[in-house]
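Participant: curious how this folds, go ahead:
(one chain, ligands or ions: 2)
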Amino acid sequence: MRTAYTADQIRAAEHALMARLPEGTLMMRAAAGLAAVCATALGRVYGSRVVLLVGSGDNGGDALYAGALLARRGARVEAVLAGSRTHERGLRAYLLAGGRVAGGAAATAVERADLVVDGLVGIGATGALRAPYDELALAANAAPALTVAVDVPSGVDASSGRVAGAAVAAQITVTMGAAKTGLLVDPGAARAGTVELVDIGLGPHLPGPDVVALTGADVAELLPRPGKESDKYRRGVVGVAAGSDLYTGAAVLAVGGALRAGAGMVRYAGQHAPVTQVRTHWPEAVVTELSRPGVEEVGRVQAWVLGPGLGTGEWARELAASVLASDVPVLVDADALTLVSRDPSLLRRAAPVLVTPHAGELSRLTGAARDEIEAARLEHARAAAAELGVTVLLKGSTTLVAAAGRPVRVNATGTSWLATGGTGDVLAGVAGALLAQGLDCYDAASCAAHLHGLAGRIAAEGAPLAAGDVAAAVPEAVRRVRDGR
Ligand SMILES: NC(=O)C1=CN([C@@H]2O[C@H](COP(=O)(O)OP(=O)(O)OC[C@H]3O[C@@H](n4cnc5c(N)ncnc54)[C@H](OP(=O)(O)O)[C@@H]3O)[C@@H](O)[C@H]2O)[C@@H](O)CC1
Ligand SMILES: [K+]
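Facilitator: Ligands and ions are numbered 1, 2, ... in the order given. Have a look, this model is predicted:
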């Protein structure tokens, strides 16, 4: 499991560790790790052109000490001193090692560099980058050089991933002691590039993580495995209440996702047109054509998937109320999210609820503006889980899973090819099947996001995909996770 922490958590751990060590030890460790990553990225250090963007704090100090190490190995290092002051000892060490301070236009130095080290600000930053840091960040982004960010890309809030103005877009981020939350959560994660962790001995002093990202091995551990005694009922029956005479495809895709994700059986319940479609596509599903909007006669299930393509009229509302009146976990997606945002009392039930909104749907649920949610995804996912008393899977380039009292789980297996119609319906089916197999909402949501993202990559292989391809690739995603590929 990858773990990440807020700036406050890191600072507290650093204080505890620093109290036991001679002054400057941590920065030396940090700088040595940073210089090693830079050297590897450069390939040949001798004669290479390195530009350090140096802010006024210890983040700049890290950059200067690393610059000194690179200068000693023959790199031509220039430092742009951007702050009102500069880390004194770091600067002294840097100058002694033969590093130079850039004179004239900083942008020119940056343009000619092979490698830019962003040491403007780290976990001590507050708010949007001020001048001249913002212009330097933009200059680094425009330059052809490789950019290595120190601790976090400057302009990315370390504790949330928020980007309030200009921000460095790094190819590599060398993070000290432990990853910061903002490196895993978008929009920050998209600026971090590859994250390299430098161990400075912080481990024993760290509290429980703020956010975590499951690896394939974690998912393999969590996924249910059919035992010898399993029959289709014991493996879990998932009910799908999705699709309508107007939108039939959503029903087909949600059932497809559920069938591929290991449920013992899938029961589909809906109107005439989607029933016909589901029967045609999935002879494996047990199908009930509803004569009225209620699922009481459908037969026992262990979890429901509710909402994709359901519509938002009276028929859909009554069907949603009937599903939510059941005593099993319910995944609420798409149109059902609109229905419950109109009538939040529908979410008051004893059995668990997993909601799977994108930012727009979450905005309808909570009343927060969509842009605000996009900018601060972590805060909004967390707040919605606490306020609504449900598990929230917030879709996006990094999908978040939030549940009260648990660290937020981040999923980064996805690909931008997944941003196409119907993939959400497949995800709902996959997560519903995992719920029916006994995973709780938090685990079902995070495993489903992982598998769905991986299935998207398998299906896409660098080319456009259709949602049905993603459902078809889910078994291969499970196989890869189980085989440790
Ligand atoms: N502690 C440790 O043991 C270790 C720490 N380590 C390293 O130290 C880093 C933290 O260092 P830090 O605390 O000095 O803060 P840091 O991020 O360099 O910047 C603070 C200064 O920036 C400024 N500033 C703030 N906001 C701004 C803005 N929006 N726009 C522009 N300027 C802004 C403001 O300065 P001012 O403007 O007031 O002059 C403020 O004082 C950490 O990320 C890691 O790299 C490692 O070596 C491992 C050991
Ligand atoms: K930085």
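
Participant: which parts of the protein sit against ligand 2?
Facilitator: Residues of the chain lying close to ligand 2 by Cβ under 5 Å from the ion are Asp118, Ala149, Val150, Ser154. To be clear about C-beta, it is placed using only N, CA and C from the backbone, and glycine gets the same treatment.

Participant: which two of the residues you listed have the greatest separation?
Facilitator: Val150 and Ser154 (8.5 Å; Cβ to Cβ).

Participant: more crowded one of the two?
Facilitator: Counted by other Cβ atoms under 10 Å, Val150 and Ser154 do not tie: Val150 has more neighbours, with 33 against 28.

Participant: ok, the more buried one touching Ala63?
Facilitator: Yes. At 5.4 Å, Val150 counts as touching Ala63 under the criterion of Cβ atoms under 8 Å.

Participant: which secondary structure elements does the longest helix along the chain contact?
Facilitator: Longest helix of the chain, by residue count under DSSP state H: helix 441-460. In terms of contact count using 3 or more Cβ pairs under 8 Å, 6 or more residues apart in numbering; DSSP states H and E, helix 441-460 is assigned the packing partners helix 216-222, strand 353-355, strand 391-394, strand 399-402, strand 408-411, helix 423-436, helix 467-483.

Participant: can you give me the end-to-end span of stretch 362-374?
Facilitator: Start and end residues of stretch 362-374 are separated by 10 Å (Cα to Cα, to the nearest Å).

Participant: give the buried residues for it.
Facilitator: Using 16 or more other Cβ atoms under 10 Å as the test for burial, stretch 362-374 gives Leu362, Ser363, Leu365, Thr366, Ala368, Ile373, Glu374.

Participant: after the least confident helix or strand in the chain by mean pLDDT, which helix or strand is next?
Facilitator: Each helix and strand of the chain was given a mean pLDDT (mean pLDDT, DSSP states H and E); the minimum falls on helix 106-112 at a mean of 91. Next along the chain after helix 106-112, taking DSSP states H and E as the criterion, comes strand 115-119.

Participant: dump the helix or strand that comes right after that following strand to CSV, keeping only the CA atoms.
Facilitator: Counting by DSSP H and E, the next helix or strand C-terminal to strand 115-119 is helix 133-142. In CSV, the C-alpha atoms belonging to helix 133-142 read as follows (Å, rounded to 0.1, in the frame of the first residue of the first chain):
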residue,chain,number,x,y,z
TYR,A,133,7.9,32.2,-8.2
ASP,A,134,4.9,31.9,-10.4
GLU,A,135,6.8,33.2,-13.5
LEU,A,136,9.7,30.8,-12.7
ALA,A,137,7.3,27.9,-12.5
LEU,A,138,5.8,28.8,-15.9
ALA,A,139,9.3,29.2,-17.4
ALA,A,140,10.3,25.8,-16.1
ASN,A,141,7.2,24.3,-17.7
ALA,A,142,7.9,26.0,-21.0
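
Participant: identify each buried residue in helix 133-142, please.
Facilitator: Tyr133, Asp134, Leu136, Ala137, Leu138, Ala139, Ala140, Asn141.

Participant: returning to what we had before: helices - which of the buried residues of stretch 362-374 land there?
Facilitator: Leu362, Ser363, Leu365, Thr366, Ile373, Glu374.
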